[in-house]
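need coordinates for the following:
(one chain, ligands or ions: 1)
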Amino acid sequence: MSQCKDIWVIIEQAEVGGRSVVKGVSLEALSAARSLANQSGGRVVAVVLCGEAGSIEKSLGGCGADQLRIVTHPSLTDYNPLAFRRGLEALITLSPPFALIMGATNHGKELLPAIATAMNCGCVTDCISMEYSDGGLVVQRPVYSGKAVATLRFAKAPPFFITIRPNLFRGNNEDGGQVEISQEVLDLPDMEPRLKFVERNMESGKRDITEARVVVSGGMGMQGPENFPLLEVLAEVVEGAVGASRPVVDEGWRPYSNQVGQTGRTVSPNLYIACGISGAVQHLAGMSSSQCIVAINKDENAPIFDVADFGIVGDALEIIPVLTEEIRKVTQS
Ligand SMILES: Cc1cc2nc3c(=O)[nH]c(=O)nc-3n(C[C@H](O)[C@H](O)[C@H](O)COP(=O)(O)OP(=O)(O)OC[C@H]3O[C@@H](n4cnc5c(N)ncnc54)[C@H](O)[C@@H]3O)c2cc1C
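Predicted coordinates for the structure are as follows:
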């Protein structure tokens, strides 16, 4: 379908402290795209779909993109899967890129597979590596709840659709020099809105576990919701976010947005501290790609110790305050 070697990164923004910032995973997608473009000889194009152009250039200056393409339309003011899908489809049809990359976020997981299916193209979600090879693309993604890694080659012609696992493609946002900025108003025919944006409810002041560099998670071993403030204090000290196992969420001790695992969020922080979590395969599916795993469990045979880099056998309720104090001493000295 396309000979173009450009790689598009679909940028996502989040509200932090009342202002819009580019999500960490989008910067990681740019870094992944840059490595790929260096191999393929294409350009990296950061695509921003929005209601009206704001100050996005400032957040994306020097991020490694060759072009910042700001595409506006009133229907793109708030996220609406139908409008965003139609907008992206229109852009791709006009001049298809080699590949489109987005974070494996709720929006990424919803948008890219839908567009790829509609366009009869290949799509791989939750990728952990990608490589340009013989004019095509070879990617890897975890399968069987993270027990194995599948290596896949796109069989169909470009464009290739990819979502990447957050926190794995960091640190490569070299300054690509001059970023060409283009702004265009999308020409979309009026359509009867099938979905209408009603409101956004933010969990104020809480870090998103998929973006956090440190995740402090609690399981049933925390004994009850009254003990989770221990984890919140620890998370505060390490500038991290609080996660939870599924039964904790099922019990209503923590919101679903905290759930880590197969049916929750996938996290890959620098440090994952599992407190009173047994290490069931469904939990491991969401956190085993963390760079360093610390487990606190009173059962020395708990499976979580099989994946932990450091293990502490004991009562989490006694250990967490001591750990918090010790980390506080180190970070404040
Ligand atoms: C289809 C499916 C999908 C699932 N998806 C998910 C998912 O997304 N995420 C998820 O987490 N689970 C998921 N599960 C559930 C999963 O199988 C486990 O039941 C769950 O992960 C166990 O949670 P837990 O470790 O908190 O609790 P438990 O298995 O009850 O373990 C509690 C642990 O705490 C330890 N402990 C107890 N008291 C203390 C103490 N005072 N100090 C220290 N340690 C203590 C115990 O030794 C034990 O190891 C799924 C299951 C199914 C079937």
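
only C-alpha atoms from now on, for both contacts and neighbour counts.
Will do.

nearest to the ligand: which residue in the stretch 1-150 of the chain?
Proximity of the stretch 1-150 of the chain to the ligand (CA to the nearest ligand atom) peaks at residue 145, 9.8 Å away.

which ones are touching the residue nearest to that residue when sequence neighbours are not counted?
Excluding the flanking residues, the one nearest residue 145 by CA to CA, 6 or more residues apart in numbering is residue 285, at 4.4 Å. Residues counted as contacts of residue 285 (CA atoms under 8 Å, 6 or more residues apart in numbering) are 145-147, 261-262, 266.

ok, residue 285 to the ligand distance?
Look at residue 285 and the ligand: by CA to the nearest ligand atom, to the nearest Å, they are 8 Å apart.

tell me which parts of the chain are close to the ligand?
Within the chain, the positions near the ligand by CA under 6 Å from any ligand atom are 219-221, 245-247, 260-264, 276-280, 282-283, 296-299, 302, 314-317.

what's the helix or strand for residue 283?
If you go by DSSP states H and E, residue 283 is part of helix 281-284.

and the contacts of whatever helix or strand comes next after that helix?
Downstream of helix 281-284, the first helix or strand assigned by DSSP H and E is strand 292-297. With contacts defined as CA under 8 Å, 6+ apart, strand 292-297 is touched by 221, 269-278, 304-305, 307-316, 319.

just the buried residues from those residues, in PyMOL please.
Of those, the buried ones go into a single PyMOL selection, burial set by 16 or more other CA atoms under 10 Å:
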select buried, resi 221+269+270+271+272+273+274+275+276+277+278+304+305+307+308+311+312+315+316
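
and residue 15, backbone torsions?
phi -80, psi 120 (degrees, to the nearest 10).

ok, the nearest residue to it once chain neighbours are set aside to residue 13 distance?
Of all residues not flanking residue 15 in the chain, residue 21 sits nearest, at 6.3 Å (CA to CA, 6+ apart). Separation of residue 21 from residue 13 (CA to CA, to the nearest Å) stands at 5 Å.

for residue 168, give me its contacts.
28, 128, 268.

burial check on the last one, number of neighbours?
Using other CA atoms under 10 Å, residue 268 is surrounded by 24 other residues.

now it: which helix or strand?
Going by DSSP H and E, residue 268 is not in any helix or strand.

could you check how far it is from the ligand?
Separation of residue 268 from the ligand (CA to the nearest ligand atom): 14 Å.

contacts only, for the residue lying closest to that residue once chain neighbours are set aside.
Nearest residue to residue 268, sequence neighbours excluded (CA to CA, 6+ apart): residue 290, at 4.1 Å. With contacts defined as CA under 8 Å, 6+ apart, residue 290 is in contact with 267-272.

any idea which of these is closest to residue 5?
residue 268 (29.4 Å; CA to CA).

can I assume the closest one is in contact with residue 210?
Yes: under the criterion of CA atoms under 8 Å, residue 268 makes contact with residue 210 at 7.4 Å.

joint contacts of those two?
166-167.

still on that earlier bit, mind listing what the residue of the stretch 1-150 of the chain closest to the ligand touches?
Shown in contact with residue 145 (CA under 8 Å, 6+ apart): 262, 281-282, 284-286.

over to residue 101?
Taking CA under 8 Å, 6+ apart as the test, what residue 101 contacts is 7-10, 29, 33, 161-164.

show the pLDDT at residue 78.
At residue 78, the model reports a pLDDT of 88.

I figured it hits residue 199, correct?
No: if you go by CA under 8 Å, residue 78 and residue 199 don't touch, sitting 9.4 Å apart.

which one's more surrounded, the two?
residue 78 (17 against 7).

need phi/psi at that one.
With angles defined as degrees, to the nearest 10, residue 78 sits at phi -120, psi 150.

which residues of the stretch 101-250 of the chain fall in strands?
Under the criterion DSSP state E, counting those that start in this stretch, the stretch 101-250 of the chain contains strands at 123-127, 129-133, 136-143, 148-153, 160-164, 180-185, 214-218, 241-244.

just say which of those is most tucked in.
Mean neighbour count (mean count of other CA atoms under 10 Å) peaks for strand 241-244 among those, with a mean of 30.

which elements pack onto that one?
The helices and strands touching strand 241-244, judged by 3 or more CA pairs under 8 Å, 6 or more residues apart in numbering; DSSP states H and E, are strand 214-218, helix 228-237.

including mean pLDDT, could those go into CSV?
Converted to CSV, these look like this (pLDDT from 0 to 100):
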stretch, mean pLDDT
strand 214-218, 97
helix 228-237, 97
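
list residues touching both of residue 21 and residue 13?
Shared contacts of residue 21 and residue 13, counting by CA under 8 Å, 6+ apart, come down to nothing at all.

can the strands of the stretch 101-250 of the chain go into JSON lines with extra columns for distance to residue 170?
Listed next are the strands of the stretch 101-250 of the chain as JSON lines, based on distance: least, CA to CA, whole Å:
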{"stretch": "strand 123-127", "distance to residue 170": "14"}
{"stretch": "strand 129-133", "distance to residue 170": "12"}
{"stretch": "strand 136-143", "distance to residue 170": "17"}
{"stretch": "strand 148-153", "distance to residue 170": "20"}
{"stretch": "strand 160-164", "distance to residue 170": "11"}
{"stretch": "strand 180-185", "distance to residue 170": "23"}
{"stretch": "strand 214-218", "distance to residue 170": "15"}
{"stretch": "strand 241-244", "distance to residue 170": "18"}
